[in-house]
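Chemist: return a 3D structure for these sequence lines:
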Amino acid sequence: MPARVVAVVGYKSSGKTRVIEGLVRELTSRGHRVGTLKHATPHHLLDTPGRDTWRHREAGAEASAVIADGRAALFLDRPLTVAEALEILGPLDLVILEGFKSLDYIPRILLPRSPGELEELSNGLEIAVVAPQLLEGGEVEASLLGLDEVEELASLVEARALPLLPGLNCGRCGHESCRELAKAILMGEADASGCVYLWAGDVELLVDGRRVPLNPYVRGVFRGVLQGLINTLKGCEGIRRIEVRLEVEGDG
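Modeler: Numbers count the residues shown, from 1 in each chain. The predicted structure is shown next:
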C-alpha cells in the first residue's frame with residue numbers, strides 16, 4: 001500500500017509549519033508512520049555553506065550524503081518529483097506536504113489569511129480550512145477548524161488522505177484528469193484503485209532512476225517477454241523476482 005498524502009497549503013506566515021507540527025505529533029501518537037515534504041523557493045539554502053557536504057558538491061559532486069548513527073541526510077543538485085521524494089522517504093503510512101500549491105490532484109488543508117486567499121487556494125480538493133479569522137460567517141464547504149483543533153484535523157487526514165496519483169491525466173480511470181478522479185474519491189463516487197497506473201507494483205520500469213508509468217498492457221508485455229526469456233536459462237527455476245539493468249551507450 002503506497003503512502004497516502006495530503007498538502008498543507010497557504011501563503012507565507014499563514015501557520016503551515018505549526019499545523020504540520022501538530023499533525024505529525026497527533027498522527028504519530030496514533031501509531032502512524034509519518035513523513036513530511038516541504039516545497040522551498042529556489043533561493044532557499046538546503047545545506048550550510050562551508051560545511052563538508054557543501055564543499056563536496058562545490059568541488060563537482062552531483063550528490064552528497066551524511067550518515068550517522070540512526071540518521072542520514074541526502075543532498076542532490078537536481079530536482080526531484082514528489083513521487084521520487086516519496087520513494088526516498090521510505091515506507092510510510094502518511095506524508096504531509098508543506099506547500100506545493102500547483103499540485104492540483106492532492107487533498108489539501110487550506111490556511112487562508114483572508115476570504116480572497118480562500119478563493120485563490122480552493123480547487124475542490126480541500127478537506128479542511130484552518131482559519132480562525134473566517135470562523136464567523138462565510139460559506140466554506142470543507143471543515144472549518146481553528147489552529148488548535150489538531151485532533152479533529154488529524155482525524156480528517158486519516159480518513160481523507162489519498163495515495164499520490166500520477167498526474168498524467170490519461171483518462172483511463174474514466175475521469176478527465178487526476179484532479180477529477182481525486183475529487184470523485186473524496187466525494188465517495190470513486191476509488192483510488194481506479195487508477196490503472198497507481199497499482200503497478202508487480203512490474204516497474206526505471207529510466208535514469210525515474211519511474212516510468214506503465215499501463216496494464218505494457219506491464220503484461222514486459223512480464224511475458226522477461227519470464228519467457230528467463231525460463232529458458234538454466235538455474236532460473238522457481239524465480240520470484242527479476243531485475244534487469246541496461247546501460248545505454250552514447251546519447252541513448
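
Chemist: number of residues surrounding Lys183?
Modeler: 19 (other C-beta atoms under 10 Å). Using the backbone N, CA and C atoms, a C-beta is placed for each residue, glycine as well.

Chemist: give me the spatial nearest neighbour of it, chain neighbours excluded.
Modeler: Leaving aside its sequence neighbours, Lys183 sits nearest to Gly124 (C-beta to C-beta, 6 or more residues apart in numbering; 5.2 Å).

Chemist: count the neighbours of the one you found for me.
Modeler: What Gly124 shows, counting by other C-beta under 10 Å, is a neighbour count of 14.

Chemist: so it lies in a helix, does it not?
Modeler: No - using DSSP: H, G, I helix; E, B strand; the rest coil, the assignment for Gly124 is coil, not a helix.

Chemist: can I assume it is in contact with Ile185?
Modeler: No - contact criterion C-beta atoms under 8 Å: Gly124 and Ile185 do not qualify, at 11.8 Å.

Chemist: could you break this protein into its assigned domains?
Modeler: Listed domain ranges for the chain are 4-164, 166-193, 200-252 (source: automatic domain parsing).

Chemist: redo the ones you listed as JSON lines? Include mean pLDDT.
Modeler: As requested, the domains of the chain are arranged in JSON lines below (pLDDT from 0 to 100):
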{"stretch": "domain 4-164", "mean pLDDT": "85"}
{"stretch": "domain 166-193", "mean pLDDT": "88"}
{"stretch": "domain 200-252", "mean pLDDT": "78"}
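
Chemist: circling back: and the gap between the residue nearest to Lys183 and Gly188?
Modeler: As judged by C-beta to C-beta, to the nearest Å, Gly124 and Gly188 stand 14 Å apart.

Chemist: go on, Gly10?
Modeler: 27 Å.

Chemist: comparing the two, which residue is more hemmed in?
Modeler: Gly10 (22 against 7).

Chemist: pretty sure that one sits against Ser122.
Modeler: No - contact criterion C-beta under 8 Å: Gly10 and Ser122 do not qualify, at 11.9 Å.

Chemist: now do the buried residues in stretch 165-184.
Modeler: 165-167, 173, 175, 177-184 (16 or more other C-beta atoms under 10 Å).

Chemist: residues making contact with it?
Modeler: With contact meaning C-beta atoms under 8 Å, 6 or more residues apart in numbering, stretch 165-184 is reached by 83, 103-107, 123-125, 162, 190, 192, 194-198, 213, 215.

Chemist: now swap in stretch 48-57 and tell me
Modeler: Everything outside stretch 48-57 that qualifies as a contact, by C-beta under 8 Å, 6+ apart, is 47, 63-66, 73, 75, 77.

Chemist: one more time with 6 Å, if that's ok
Modeler: With contact meaning C-beta atoms under 6 Å, 6 or more residues apart in numbering, stretch 48-57 is reached by 47, 64, 66, 75, 77.

Chemist: farthest-separated two in the residues you listed?
Modeler: Val66 and Asp77 (15.3 Å; C-beta to C-beta).

Chemist: all strands of the stretch 1-150 of the chain, in order?
Modeler: With strands called from DSSP state E, counting those that start in this stretch, the stretch 1-150 of the chain shows them at 4-9, 34-38, 63-68, 71-76, 94-98, 108-110, 126-130, 143-145.

Chemist: export those strands to JSON lines and tack on mean neighbour count?
Modeler: Formatted as JSON lines, those follow (neighbours: other C-beta atoms under 10 Å):
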{"stretch": "strand 4-9", "mean neighbour count": "25"}
{"stretch": "strand 34-38", "mean neighbour count": "18"}
{"stretch": "strand 63-68", "mean neighbour count": "12"}
{"stretch": "strand 71-76", "mean neighbour count": "12"}
{"stretch": "strand 94-98", "mean neighbour count": "22"}
{"stretch": "strand 108-110", "mean neighbour count": "27"}
{"stretch": "strand 126-130", "mean neighbour count": "23"}
{"stretch": "strand 143-145", "mean neighbour count": "18"}
